[in-house]
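1. kindly generate the corresponding structure for this input.
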Amino acid sequence: MALKDDLDAEVKKIFREQWTTRDGNVVPESGELKLGNDAVKLDGTVLYADLSGSTKMVDNYKPSFAAESYKAYLHCAAKLIKNEGGAITAYDGDRVMGVFIGASKNTSAVRCGLKINCAVKKIINPALKTHYPNTDFTVRQVAGIDTSSLLVARTGVRGANDLVWVGRAANYAAKLAGLSADYSTRITSRVYDAMAKEVKFSKEKSMWEKVTWTTMNNMTIYRSTYLWNL
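-> Down below sits the predicted model:
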C-alpha cells in the first residue's frame, strides 16, 4: 500500500471508530491503552514546569552549559513532582509535565510549584554560580497549574507512541508556564479556590496576587514569587 493510501485509511479509521472510555482513579501507563480510540477519563491537576530563557542560553553559551542547566532544572522539578505524589507524564525539551489526582491534588500541585522555585533559588543557581563564577546567567522558570477533567489517550504509531492528555488543564497549565518568569508560579482561579489555606497564606499574609489574564478572555489567575522551603 502506498504511503498516501495508508495515511488516508488510518485517518478515516480514527474519525470513524467509536471511542471506548472508562473512568480512572490512577494515572494510566501507556501500555494500559490501545492505539485505537481508547481512553481513560479522570479529574486531574496539571503542573507544567518550564525553564525560561532557554533560547538565549543555547544561543550564547556552550552546549554543555545549556545541557547541565536543563538537566539540573528538570531533575529537581521531576523529583519534586514525585515527592508531592504527582506522576511525570511528559518531558518536552526544557519543560516537564506532572499530573496530580486525588482529594488534595490542587494543594499538592501548588506546593510542588513553590518547592520548584525554592530548588531554583537555593540549590540550582548557587551551584551554577559556584561552578561558573564568571557567568551572569541565572536559571529562571515558571510553573503553571490548572485543574479539570482530562481524557487520556494513546497516540502515535507502533514502536513510537505516547499518551496525549486532552483537557483544559493540560492546555492552560502549559500556557501559564510560558508567561514571564517575573512570577515563578501561576495558577488558575479553579486551583486557587480548591487548594488548602496552607498554600494560600504565609504568616497570615497572602502569597498570591490576583490578576487578569488579558490575552485569555480576561480570565482571573493568581501569581506568586513565594517559595516553599525544602
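2. tell me which stretches of the chain form strands.
-> 20-23, 38-52, 87-92, 95-100, 140-157, 160-166, 185-188, 201-202, 205-206, 209-213, 219-224 (DSSP state E).
3. quick test: name the residue nearest the centre of this structure.
-> With the centre of the chain defined as its mean C-alpha position, the nearest residue by CA atoms, centre = their mean is Tyr48, 1.5 Å away.
4. circling back to that earlier point, just send the strands of the chain back as JSON lines, with distance to Thr107 too.
-> (Glycine included, C-beta is placed from N, CA and C.) Putting the strands of the chain into JSON lines (distance: least, CB to CB, whole Å) gives the following:
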{"stretch": "strand 20-23", "distance to Thr107": "23"}
{"stretch": "strand 38-52", "distance to Thr107": "9"}
{"stretch": "strand 87-92", "distance to Thr107": "16"}
{"stretch": "strand 95-100", "distance to Thr107": "9"}
{"stretch": "strand 140-157", "distance to Thr107": "11"}
{"stretch": "strand 160-166", "distance to Thr107": "21"}
{"stretch": "strand 185-188", "distance to Thr107": "11"}
{"stretch": "strand 201-202", "distance to Thr107": "13"}
{"stretch": "strand 205-206", "distance to Thr107": "16"}
{"stretch": "strand 209-213", "distance to Thr107": "18"}
{"stretch": "strand 219-224", "distance to Thr107": "14"}
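5. buried deepest among those strands, which one?
-> Per residue and on average, the most neighbours among those fall to strand 185-188, with a mean of 29 (mean count of other CB atoms under 10 Å).
6. the closest residue in space to Tyr61 that isn't next to it in sequence: what's it in contact with?
-> Residue nearest to Tyr61 in three dimensions, not counting chain neighbours: Phe137, with 6.7 Å by CB to CB, 6 or more residues apart in numbering. Residues near Phe137 by CB atoms under 8 Å, 6 or more residues apart in numbering: 57, 61, 65, 69, 128.
7. swap in 10 Å and give it another go.
-> Contact analysis of Phe137 by CB atoms under 10 Å, 6 or more residues apart in numbering lists 53, 56-57, 60-61, 65-66, 69, 125, 128-129.
8. which regions of this structure lie under the pLDDT threshold?
-> The model of the chain has pLDDT under 70 over residues 1.
9. check the offset of the longest helix belonging to the chain from the chain's centre.
-> Counting by DSSP state H, the longest helix found in the chain is helix 63-83. Relative to the mean C-alpha coordinate of its chain, helix 63-83 is positioned 14 Å out (CA atoms, centre = their mean, to the nearest Å).
10. how about the contacts made by the closest residue to Arg158 other than its chain neighbours?
-> The shortest distance from Arg158 to any non-neighbouring residue, by CB to CB, 6+ apart, is to Leu35 (6.9 Å). Residues in contact with Leu35 (CB under 10 Å, 6+ apart) are 153-158, 161.
11. next: Gly144.
-> By CB under 10 Å, 6+ apart, the contact list for Gly144 reads 46-50, 95, 113, 169, 172-179, 185-188, 221.
12. try Ser69
-> Ser69 sits in contact with 51, 53-54, 57-58, 61, 94, 124-125, 128, 132, 137-139, where contact means CB under 10 Å, 6+ apart.
13. let's have these in TSV, adding distance to Cys76.
-> Listed next are the contacts of Ser69 as TSV, based on distance: CB to CB, whole Å:
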residue	distance to Cys76
Leu51	11
Gly53	17
Ser54	16
Met57	17
Val58	20
Tyr61	19
Asp94	13
Ile124	6
Asn125	11
Leu128	12
Tyr132	18
Phe137	17
Thr138	15
Val139	10
